[in-house]
Structure formats: structure tokens, C-alpha cells
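**Student:** quick check, what structure comes out for this input:
(one chain, ligands or ions: 1)
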Amino acid sequence: MRAVIESIGAYAPPRRVSNDEFAKIVDTTDEWIVSHTGIRFRHIAADDQAASDMAIEAGKLAMGRAGVEPGDIDLVIVSSASSDYPGFPATACIVQDKLGLRKAGAMDLLAGCTGFIYGLETAKNYIVSGSAKKILVIGAETLTRIMDWTDRNTCVLFGDGAGAAVVGASESDSRGIIDSILRAEGSGAELLDRPAGGSRMPFKAGETDPSELYIKMDGGKVYIFAVRVIVTTIKAILEQNNLTIDDIKYIVPHQANIRIIEAAAKRSKIPLEKFYMNIQEFANTSAASIPIALNEMVEKNLLKKGDKIITVGFGAGLTYGANLIVW
Ligand code: UT7
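**Tutor:** As a prediction, this is how the structure comes out:
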């Protein structure tokens with residue numbers, strides 16, 4: 001039994017904001033943002049849109065494309081670092097209700113920007129074990145709600161959006177989610193976090209520094225980590241599947257910074273053209289970035305049945321990982 005991606009869907013909020021608009025808010029320029037990150041635009045959720053609202057749009061599209069009825073879904077997994085509520089209830093439960101997934105279990109998965117990669121591997125194992133037949137895996141983020149709009153080091157980097165995949169059981173012995181690598185280096189947890197509001201540093205009215213409620217990042221250290229793990233994880237997943245990079249049609253990396261991808265490509269001697277990139281349009285959408293990229297690739301007809309692709313990601317946790325998928 002194989003777990004196959006039956007369809008992909010994505011949603012980006014219509015409000016599209018250029019770097020020049022950020023230059024009006026913080027001390028930055030379009031030139032700095034483009035040259036340091038590759039980002040030109042990001043999409044920003046409307047005031048009344050939460051992560052689940054975007055997850056639902058992406059999920060609906062994916063289910064429609066797969067021809068799957070809401071009652072067919074056994075489990076919905078939502079990966080998000082910017083969920084509807086701090087802690088609970090799970091965003092997946094809101095999605096389960098509003099999409100009418102009447103027999104589905106619902107859970108959130110927190111693995112930072114690696115969340116969709118973790119979600120696909122989790123879904124694969126439910127399916128291969130026979131515990132589920134159809135799973136909706138979603139990455140959905142409203143990062144612009146949890147970033148500090150006065151901090152130029154972070155606020156120019158993030159965007160909102162969602163992407164979804166219907167993962168189903170198949171008798172095919174060639175297609176599917178073939179293998180994954182899921183890893184963490186929790187020693188780097190404080191390099192990328194929201195320090196306050198949890199049990200470590202509870203919110204205390206009048207005492208908590210509001211900036212502690214937003215994303216904090218040691219960008220330089222995360223950058224070095226990202227390049228290192230992209231290189232080693234691609235190498236490891238190729239080796240453990242007896243493949244070479246020539247067997248791979250595309251690498252679909254987490255879209256955090258074009259320079260991270262360029263540095264990883266150079267260090268691993270993989271042609272940059274193999275890496276699919278759309279960060280220029282969406283900025284860093286964390287757990288949503290890989291399914292948004294996959295959706296764009298499907299819509300551009302870049303993926304044919306039988307193509308081998310590798311997703312690779314890294315993020316808060318710190319986490320990292322990859323999926324090897326035969327499309
Ligand atoms: O999804 C996973 C999480 N995120 C990431 O993977 C991000 C990883 N890190 C990065 O992508 C990069 O480290 C950044 C884009 C965050 C920063 O790029 P950098 O080339 O490493 O810049 P830097 O941190 O070395 O900063 C260089 C200068 C600093 O000024 P000084 O101290 O040298 O005077 C910053 O204050 O650039 C300044 N700077 C800015 N200037 C204009 C930082 N942000 C901005 C900005 N506009 N938006």
C-alpha cells in the first residue's frame with residue numbers, strides 16, 4: 001500500500017503588499033529586501049481572516065480537484081505556527097467543522113516551517129498502516145499577525161497563505177510518498193521563537209513586554225543552520241534511496257530566503273534550476289510555503305506522473321526534514 005498525493009490546492013489572500021509599502025513603515029528599502037532575501041511581495045490576510053479561513057479555501061480546492069467528498073476524509077492535519085488560537089482548540093477542529101468532515105479526526109502539528117513535510121510523513125504512515133484511507137494535510141499561516149511590524153529584521157520576511165494536499169491510499173507500487181527524513185535540533189529552540197504567552201513566560205498584563213509576544217529570530221544563526229541542513233538532508237535522502245540528483249526533477253525547498261537556496265545549491269553542486277522558487281511573490285509563509293509552491297507547479301503543469309521530487313525544509317524548533325515523492 002502506498003500513500004499518494006491525489007491533489008494539491010492553495011490559497012493566498014488578495015491583499016498583495018510590495019516592499020515599498022514596508023519602506024513606509026520601517027527603515028528599509030526594496031533594494032535591501034530583494035538583495036538580501038529575494039522577496040518582492042507578500043500576501044496579507046484580511047482583518048477578519050484567520051489561519052483556518054485560508055486552510056479551508058486551500059482544503060476545498062484540493063478536495064474538489066481530487067473528487068473527494070467531505071465525508072471521505074478520515075483525518076485532517078493542520079500544520080501552523082500561527083494558528084487561530086494560542087494553544088487550543090486546534091485549528092484543525094475549526095477546519096473539520098467548516099468543511100463538514102463529519103468522520104474525520106482533527107489535529108494540529110507544530111513543526112515550524114517544516115510542518116508540511118512532517119504532515120505528509122504523518123499522513124503516509126496512517127495510510128500505509130491501514131488506519132486511514134484519505135487524509136487532508138494543510139499548511140496554513142497568518143504570520144503577519146504574530147510578527148512585530150516595528151522590527152525591520154523580521155517584518156519584511158513573512159507572508160500569509162495556505163496550501164493543502166489530499167493524501168490517499170493507492171495500490172500503485174511506483175507513485176507516492178516514498179520516504180522522508182524528519183529531524184530536530186531542539187538546542188536551537190530559542191533562535192526562532194515567540195518567547196511570551198506560553199507556560200515558560202506567561203502573559204502578565206502590565207508586565208509582559210509586548211515585543212515578546214511576536215516572532216523573534218537570530219537570522220544569521222538560522223541562516224547558517226538552514227544551509228547546512230538543506231545540503232545534508234538532500235544528500236541523505238538521495239543516498240538512502242540509492243538515487244542521484246539526476247533522478248530528481250525538482251527540489252521544492254521551504255521558501256525563506258533565495259540566498260539560503262542559492263548557497264545550498266552551490267555547496268551541494270546541484271544546479272539552481274532544480275530548486276523551485278516563488279518566494280518573490282509570497283515571502284516566507286512557513287508551513288504553507290511548500291504546498292503553495294507545489295500548487296503553483298501543478299497549475300503550471302510542471303509535474304508529470306512518475307516525476308521524482310524532493311521537498312526540503314527547516315524552521316522553528318529547530319526542525320528540518322525532507323520528503324521523497326514520486327508524483
Ligand atoms: O523560515 C525559517 C526562518 N527564517 C529564516 O530562515 C531566515 C534566515 N535568515 C535570513 O534569511 C537572513 O539572516 C536575514 C534575511 C534575516 C538577514 O540577512 P543578512 O544578510 O544575514 O543580514 P544581517 O543580519 O547580517 O544584517 C545586515 C544589516 C544589519 O545592519 P548592521 O547591524 O550591519 O548595521 C541589519 O540591521 O542589515 C540590517 N537589516 C536591514 N536593513 C534594511 C536587517 N533587516 C533590514 C531591513 N532593511 N529589513
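**Student:** now do the contacts for the residue in the stretch 101-250 of the chain that the ligand sits nearest to.
**Tutor:** Closest to the ligand within the stretch 101-250 of the chain is G219: 2.8 Å, counting by CB to the nearest ligand atom. From N, CA and C alone the C-beta is placed, and that goes for glycine too. Listed by CB atoms under 8 Å, 6 or more residues apart in numbering, the contact partners of G219 are N153, T154.
**Student:** enumerate the residues of the stretch 201-327 of the chain near the ligand.
**Tutor:** Within reach of the ligand by CB under 6 Å from any ligand atom, the stretch 201-327 of the chain has these residues: M217, G219, G220, V222, Y223, A226, A256, N257, N284, G315.
**Student:** just the C-alphas of the one helix or strand the fourth one maps to, formatted as CSV.
**Tutor:** Okay, so that is V222. Using DSSP states H and E, V222 sits within helix 219-239. Output of helix 219-239 as CSV, limited to C-alpha atoms (Å, rounded to 0.1, in the frame of the first residue of the first chain):
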residue,chain,number,x,y,z
GLY,A,219,18.5,35.5,11.5
GLY,A,220,22.2,34.9,11.0
LYS,A,221,22.3,31.7,13.0
VAL,A,222,19.1,30.3,11.4
TYR,A,223,20.6,31.1,8.0
ILE,A,224,23.7,29.0,8.7
PHE,A,225,21.6,26.2,10.1
ALA,A,226,19.3,26.3,7.1
VAL,A,227,22.1,26.0,4.5
ARG,A,228,23.8,23.2,6.4
VAL,A,229,20.6,21.0,6.9
ILE,A,230,19.4,21.5,3.3
VAL,A,231,22.7,20.2,2.0
THR,A,232,22.9,17.2,4.4
THR,A,233,19.2,16.3,4.2
ILE,A,234,19.1,16.2,0.4
LYS,A,235,22.3,14.1,0.3
ALA,A,236,20.9,11.7,3.0
ILE,A,237,17.5,11.1,1.3
LEU,A,238,19.2,10.5,-2.0
GLU,A,239,21.7,8.1,-0.5
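**Student:** which residues does the next helix-or-strand element following that helix contact?
**Tutor:** Toward the C-terminus, helix 219-239 is succeeded by strand 250-253 as the next helix or strand (DSSP H and E). Here strand 250-253 makes contact (CB under 8 Å, 6+ apart) with 230, 234, 261, 264, 270, 274-277, 290, 293-294, 297, 302-303, 307, 309-313.
**Student:** give me the subset of these lying in helices.
**Tutor:** Using DSSP state H, I230, I234, I261, A264, I290, A293, L294, M297 are the members of those that sit in helices.
**Student:** quick one: buried ones out of those?
**Tutor:** Buried by 16 or more other CB atoms under 10 Å: I230, I234, I261, A264, I290, A293, L294, M297, out of those.
**Student:** just put those residues in CSV and tack on distance to M147.
**Tutor:** Output for these, formatted as CSV (distance: CB to CB, whole Å):
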residue, distance to M147
I230, 23
I234, 29
I261, 22
A264, 25
I290, 20
A293, 21
L294, 24
M297, 27
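**Student:** now E171: how far from P291?
**Tutor:** Distance, E171 to P291, using CB to CB, to the nearest Å: 25 Å.
**Student:** ok, these two, which is more surrounded?
**Tutor:** P291 (32 against 7; other CB atoms under 10 Å).
**Student:** right, and the more buried one touches G59 too?
**Tutor:** No: judged on CB atoms under 8 Å, P291 makes no contact with G59 at a distance of 10.5 Å.
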